[in-house]
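Peer 1: Below is the sequence, then the predicted model.
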Amino acid sequence: MKRIVIMGATSGIGLRVAEIFAKAGWHVGAAGRKEKVLRKLQSDFPNRIRYAQINVDEPDAGTHLRDLISRLGGMDIYFHVAGIGYENEALTTDHDTATAQTNVVGFTRMIDTAYRYFRSHGKRGRIAAITSVAGTNGIGELASYSASKKYQQTYLTALDQLSRMQGLDISFTDIRPGWIRTPLLNPDRIYPMTMSLDHAVVGIVRAIIARKRVCVVDWKWNLLVGAWKLVPNRIWERLPIHVSASATPVEDKIASKIEAKLQKPTAPAAVAVPQPLTAEPERKDVTKAKTASKPATASNAQTVPGTESETEAKPVATSPENPA
């Protein structure tokens, strides 16, 4: 039986992905800050869910993750969704440092713990994470957030290279969504090319199952990111990039209806499971990985240029992929 651990499973992307995998028959280790949500999730899927209340900012978060993996009976996939972000044109230092603490320090703490688990058990494993299209280039109104997402993308690339050098069968999936309508998007603001949660999650789940190295969600954002990468820094730095705008009365009414719908929990029977969720993906070439174990011949990992759900306590937090 397949097992997945989801860090940031108490709202938005993380919660919906946990529901999908549980409904598909996987054993799911759900972790996050809201214990009430986690208990409800376990009651909906009593034979599939094990949970732990974990704050990635805490130094002992890695210990709690290892305990959850043990109670789950092991782990095949680690999926990291937890993260925060702020529109911070005023450069409020507390907001920027909080973003760095969760998205850089907390991210590193949990990804390292998952990596060491797979390495110590000598088993095939996968580490997937929600980063963001914001990591493509620095965005002035999201300075700390976009920088932290670039860090995450670079860190996953570095660990992919390291796993090959060490001859390990660990694969990595870097998922880069655009704006997704989740409970923590500011309902008084309009964000460009906003996706519904259900639409975005289908692409996210398929990327995990297909073992994609990098996946931009969705195709419209993929085209936009491709264009961003072609813009020289000297030009990019002069572009007035605004991440949101004030909503008109009509837009505000529509957004309010969406927000009200998001606050209503989805019944387990109503959760749609993308197909094929149970398909066995292609195995990583361990022979090539071992060949790359010598630094002089190590092959470079691919590099290609949303968040959790764990920012419930920070209602002004926003992030392109999940601000949740």
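Peer 2: Looks like it came in fine.

Peer 1: As a check, name the ranges of all strands in this structure.
Peer 2: 3-7, 27-32, 49-53, 77-80, 125-130, 170-177, 189-190, 214-217, 245-246 (DSSP state E).

Peer 1: pLDDT of stretch 194-214, averaged?
Peer 2: For stretch 194-214, the mean pLDDT works out to 93.

Peer 1: and what of stretch 3-22?
Peer 2: 95.

Peer 1: To Asp198, which of the strands of the chain lies closest?
Peer 2: With Cβ to Cβ as the measure, strand 214-217 is the member of the strands of the chain nearest Asp198 (12.2 Å). From N, CA and C alone the C-beta is placed, and that goes for glycine too.

Peer 1: Tell me which other helices or strands the closest one touches.
Peer 2: Packed against strand 214-217 by the contact rule (3 or more Cβ pairs under 8 Å, 6 or more residues apart in numbering; DSSP states H and E) you find strand 170-177, helix 197-209.

Peer 1: Now these in JSON lines, please, with extra columns for mean neighbour count.
Peer 2: Output for these, formatted as JSON lines (neighbours: other Cβ atoms under 10 Å):
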{"stretch": "strand 170-177", "mean neighbour count": "25"}
{"stretch": "helix 197-209", "mean neighbour count": "21"}
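
Peer 1: rewinding a little: turn the strands of the chain into TSV, including distance to Leu41.
Peer 2: Output for those, formatted as TSV (distance: least, Cβ to Cβ, whole Å):
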stretch	distance to Leu41
strand 3-7	10
strand 27-32	6
strand 49-53	6
strand 77-80	15
strand 125-130	18
strand 170-177	21
strand 189-190	29
strand 214-217	23
strand 245-246	35
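
Peer 1: Deepest in the core, which of these is it.
Peer 2: Greatest average neighbour count among the strands of the chain goes to strand 27-32 (a mean of 28), per mean count of other Cβ atoms under 10 Å.

Peer 1: and Phe107, what pLDDT?
Peer 2: pLDDT, Phe107: 98.

Peer 1: no, scratch that, I was asking about Ala267
Peer 2: In this model, Ala267 carries a pLDDT of 65.

Peer 1: where does the chain dip in pLDDT?
Peer 2: 183-185, 247-270, 276, 278-324 (pLDDT under 70).

Peer 1: Name whatever forms a beta bridge with the residue nearest the centre of it.
Peer 2: Residue closest to the mean C-alpha point of the chain, counted by Cα atoms, centre = their mean, is Ile130 at 2.0 Å. Note on Ile130: beta-bridge partners Ile175, judged by DSSP bridges.

Peer 1: circling back to that earlier point, show me the one of the helices and strands packed on strand 214-217 that comes nearest Ala22.
Peer 2: Nearest of the helices and strands packed on strand 214-217 (Cβ to Cβ): helix 197-209, 12.3 Å.

Peer 1: which helices and strands sit right next to that closest one?
Peer 2: helix 12-23, strand 125-130, strand 170-177, strand 214-217.

Peer 1: what angle separates it from helix 12-23?
Peer 2: Relative orientation of helix 197-209 versus helix 12-23 (axes from the mean of the first three to the mean of the last three Cα atoms, to 10 degrees): 60 degrees.

Peer 1: Now tell me what touches helix 197-209 from outside.
Peer 2: For helix 197-209, contacts defined as Cβ atoms under 8 Å, 6 or more residues apart in numbering pick out 12-13, 16-17, 20-21, 77, 79, 126, 128, 130, 173, 175, 177, 180-182, 215, 217-218, 262, 272, 274, 276-277, 279, 281, 321.

Peer 1: And stretch 47-63, by the same measure?
Peer 2: 7-9, 18, 22, 25-35, 38-39, 41-42, 64-65, 67-68, 71-72, 82, 101-102, 105-107, 109-110, 112-113, 310.
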